[in-house]
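A.B. asks: Pasting the sequence and the predicted model now:
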Amino acid sequence: MKKYFFPRTLIEKLLFTLIIMAVYLIGREIPLFGVDLGAYDVLRGNTDDLIMQTIGGDRYKTSIFALGISPFMFSTLFIQMAVAVKNVDSKTHSSPKKITYGTLILMLVWAIIQACFNTASTFYLFDGAGLVLVKIISGLQMVAGSFVILWLATLNGKYGVGGQTILIYVNILDSIVNTIQGESFADLKLIGLICIVALLITIIFENTEYRIPMQRISIHNIYSDKNYIPIKLNPIGMMPVMFSSAFFMLPVYISTCLVGWFPDNENFIYVYENMNTGHALGIIVYIVALYIITIVFSFVFISPKNLAESMQKSGDSITGLRSGKRTRRYIGNRLFLISIVSATFMSIFIGMPLVLQLNGMVDTELMSLPSIVIAMGSINCNLYRELRAVKDFDGYIPFI
């Protein structure tokens, strides 16, 4: 008998993932200690920040999973960026153990900071001296819940399907259902059309790649002319969609601090009052943040410098180009154009609903739906590839 259960086939992996999703959904229903759930009844149906809800936990931050997977995602992103900017030699000497340790430390710090902000805005049943103790206990519950979520996501990455993004997928489905329920067909027609077009283009971008032809010195057969460097038309997938809202909070926090320091300055007051997606200034800043994130992250995670260095060391080259700076410049120019196309696509389908909402043509509750649909489309494409790979692997199990 096997000592442990390690899912191997597609059916076993799917069942394991369903168990992980069920545990996660149950955890989202366990309230924090001392929280006043009745105070949140008036907020039911408020879905202004759908993107942050998908990477966060429950909608109203009242359960032990209130922080969601966001502490792990942001800490992982920071560590990945720190590793990505290194050259090829430095990457090979990066210890996976140290990277994991650094990620967990940063996650703990981030979770504590988020827990402090959440406890400050959470409604509790206690007041006075008891309120401080209740906030400490609920804050510890939030931090512990974020590590439980990390454990669930890690288990699913090893033994299930969908990797660590499956919990985000659960939040996406929950956000969509809770957003569209109760809305009339007339209200959904325009935003629904935008979502369908955005989903179709997302699928095309996720499954289309720009190929840079290259020559490999180790291949001298009929396949020597079929080597290339692939770059997806959507180079970094849903990452800009997921993190644009988080980076948009930076100018929001800055304007808040400036108003606190200079309460009589009319310019700072104007920026503070308009730094949200309900005003033109906030929409412009949000779209600019999205553009910057898409381009910068594309160059960080698909590093033309590292690609050129690797090719130069292996003796490979792009067809018609010498290795070195010319190769790096060529890849950089192509990547820049592709990232511009990707950023333009996302800006149109994320910014259009914001402008329509500003003009009263789309309800505030529905304006973030295209963002969610783009993220869902990206995850679906990756999930489909994984399911196909696992299914193909099933055919080899009798021979293993």
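C.D. replies: Sure, I can see it. Please read all numbers here as calculations on a predicted model, not as lab measurements. Numbers count the residues shown, from 1 in each chain.
A.B. asks: Where do the strands of this protein begin and end?
C.D. replies: Taking DSSP state E, the strands of the chain run over residues 209-215, 228-232, 317-318.
A.B. asks: which of the ones you listed is buried the deepest?
C.D. replies: Sort the strands of the chain by mean neighbour count, taking mean count of other Cβ atoms under 10 Å, and strand 317-318 sits at the top with a mean of 20. The way it works is simple: take the backbone N, C-alpha and C, and place the C-beta from them, glycine included.
A.B. asks: And the helices in this structure?
C.D. replies: Residue ranges of the helices in the chain, as given by DSSP state H, are 10-27, 50-55, 70-84, 88-92, 96-121, 129-159, 166-180, 185-206, 239-261, 266-274, 280-301, 304-314, 325-358, 369-394.
A.B. asks: Dump these into CSV; add mean neighbour count, distance to Ile229 and mean pLDDT as well.
C.D. replies: Output for those, formatted as CSV (neighbours: other Cβ atoms under 10 Å; distance: least, Cβ to Cβ, whole Å; pLDDT from 0 to 100):
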stretch, mean neighbour count, distance to Ile229, mean pLDDT
helix 10-27, 16, 31, 88
helix 50-55, 23, 31, 53
helix 70-84, 19, 17, 76
helix 88-92, 11, 15, 56
helix 96-121, 15, 26, 84
helix 129-159, 18, 27, 88
helix 166-180, 19, 29, 79
helix 185-206, 17, 18, 88
helix 239-261, 17, 20, 77
helix 266-274, 15, 43, 85
helix 280-301, 19, 14, 86
helix 304-314, 17, 7, 81
helix 325-358, 18, 7, 88
helix 369-394, 18, 19, 82
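A.B. asks: quick revisit: which one of the strands of the chain lies closest to Ile254?
C.D. replies: strand 228-232 (33.3 Å; Cβ to Cβ).
A.B. asks: close enough to count as contact, Ser75 and Trp110?
C.D. replies: Yes. Counting by Cβ atoms under 8 Å, Ser75 touches Trp110, with 5.5 Å between them.
A.B. asks: Including distance to Gln215, could the helices of the chain go into JSON lines?
C.D. replies: Shown next, in JSON lines, are the helices of the chain (distance: least, Cβ to Cβ, whole Å):
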{"stretch": "helix 10-27", "distance to Gln215": "38"}
{"stretch": "helix 50-55", "distance to Gln215": "42"}
{"stretch": "helix 70-84", "distance to Gln215": "26"}
{"stretch": "helix 88-92", "distance to Gln215": "20"}
{"stretch": "helix 96-121", "distance to Gln215": "32"}
{"stretch": "helix 129-159", "distance to Gln215": "36"}
{"stretch": "helix 166-180", "distance to Gln215": "40"}
{"stretch": "helix 185-206", "distance to Gln215": "28"}
{"stretch": "helix 239-261", "distance to Gln215": "32"}
{"stretch": "helix 266-274", "distance to Gln215": "53"}
{"stretch": "helix 280-301", "distance to Gln215": "24"}
{"stretch": "helix 304-314", "distance to Gln215": "10"}
{"stretch": "helix 325-358", "distance to Gln215": "11"}
{"stretch": "helix 369-394", "distance to Gln215": "28"}
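A.B. asks: Need the strands of the chain in JSON lines (columns: distance to Ile168).
C.D. replies: Putting these into JSON lines (distance: least, Cβ to Cβ, whole Å) gives the following:
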{"stretch": "strand 209-215", "distance to Ile168": "24"}
{"stretch": "strand 228-232", "distance to Ile168": "19"}
{"stretch": "strand 317-318", "distance to Ile168": "36"}
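A.B. asks: Would you tell me which of those strands gets closest to Met275?
C.D. replies: Here strand 228-232 is closest among the strands of the chain (Cβ to Cβ), at 32.7 Å.
A.B. asks: just checking, what packs against the closest one?
C.D. replies: Counting contacts by 3 or more Cβ pairs under 8 Å, 6 or more residues apart in numbering; DSSP states H and E, strand 228-232 packs against strand 209-215, helix 325-358.
A.B. asks: With distance to Glu386 as added columns, please give those in TSV.
C.D. replies: Output for the helices and strands packed on strand 228-232, formatted as TSV (distance: least, Cβ to Cβ, whole Å):
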stretch	distance to Glu386
strand 209-215	18
helix 325-358	22
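A.B. asks: looking at the ones you listed, which is closest to Leu193?
C.D. replies: Once the helices and strands packed on strand 228-232 are compared by Cβ to Cβ, helix 325-358 is nearest, at 10.8 Å.
A.B. asks: what packs against that closest one?
C.D. replies: helix 185-206, strand 209-215, strand 228-232, helix 239-261, helix 280-301, helix 304-314, strand 317-318, helix 369-394.
A.B. asks: hmm, who's touching the fourth one?
C.D. replies: Just to be clear, that refers to helix 239-261. With contacts defined as Cβ atoms under 8 Å, 6 or more residues apart in numbering, helix 239-261 is touched by 49, 51-52, 54-55, 70, 73-74, 77, 168, 265, 268-269, 271-272, 275-276, 282, 285-286, 289-290, 293-294, 297, 342-343, 346, 350, 371, 374-375, 378.
A.B. asks: swap in the fifth one?
C.D. replies: For helix 280-301, the surrounding residues in contact (Cβ under 8 Å, 6+ apart) are 80-81, 84-85, 235-236, 239-241, 243-245, 247-248, 251, 271, 274-277, 332, 335-336, 338-340, 342-343, 346-347, 350-351, 354-355, 358.
A.B. asks: same question, the shortest one
C.D. replies: Residues outside strand 317-318 that contact it (Cβ under 8 Å, 6+ apart): Ile212, Pro213, Met214, Gln215, Ile229, Met311, Ser323, Thr327, Tyr330, Ile331.
A.B. asks: Okay, now the sheet partners of it, with direction.
C.D. replies: Partner strands and pairing direction for strand 317-318 (DSSP bridges) are strand 209-215 (antiparallel).
A.B. asks: Same question for the third one.
C.D. replies: Paired with strand 228-232 in the same sheet, following DSSP bridges, are strand 209-215 (antiparallel).
A.B. asks: what is the mean pLDDT for the partner strand?
C.D. replies: Taken as a whole, strand 209-215 has a mean pLDDT of 84.
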